[in-house]
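In: Take a look and give me a structure for this.
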Amino acid sequence: MSAELHSIRVLPSWILGRVADRGRALVAAALAGEGLKTWHHVVLSAVAELGPVAQAELVRGVGLDAKDMVGVLNDLQAAGLIVRTPDPHDRRKNAVTATGEGRRLLARCERAARKANDELLAPLTVVERELFMGLLTRVSGAR
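Out: Model (predicted):
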């Protein structure tokens, strides 16, 4: 058997990991152009989608450690992108809401992330992209 057949470079998991690394790097660079880090974008997106939302729900929803979440929320609040107010149902909790500026920045970041993903998939035709996305969705178990 050739050494090529024993290489991890032919494993789908290895290739997918490389694609994911490249995709994350392209999106991170695009977000940096808007002044956001990846986790800040993830959290701001979740807040805009779910808000007002409890901090604990955000932690569970995005999979970020609670201590790290506090830091990200502090950064977003200091930048005027979110507000934290006492939850009207439980004053021991904070409800997090995106501000108008946060929503405007998020819209710019979404456009930048789409452009980065277009760059990632540039080698594929439109038909190949649709097929690729369908296959990735099936393999990932996402619906």
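
In: now the spatially most central residue of the chain, nearest residue through space, not along the chain?
Out: Taking CA atoms, centre = their mean, the centroid of the chain lies closest to V42, which sits 4.2 Å from it. The shortest distance from V42 to any non-neighbouring residue, by CB to CB, 6 or more residues apart in numbering, is to V62 (5.4 Å). No exception for glycine: its C-beta is placed from N, CA and C like everyone else's.

In: Could you list which residues are in contact with that neighbour?
Out: 42-43, 46, 69 (CB atoms under 8 Å, 6 or more residues apart in numbering).

In: repeat that with 10 Å
Out: Listed by CB atoms under 10 Å, 6 or more residues apart in numbering, the contact partners of V62 are 39, 42-43, 45-47, 50, 69, 72.

In: The residue nearest to the centre of the chain reaches V59, doesn't it?
Out: No - using CB atoms under 10 Å, V42 is not in contact with V59; the gap is 11.9 Å.

In: what ranges do the strands span in this protein?
Out: Assigned strands in the chain, in chain order: 53-54, 82-86, 94-98 (criterion: DSSP state E).

In: of all those strands, which lies closest to T137?
Out: Shortest distance between T137 and these, using CB to CB, is found for strand 53-54: 25.9 Å.
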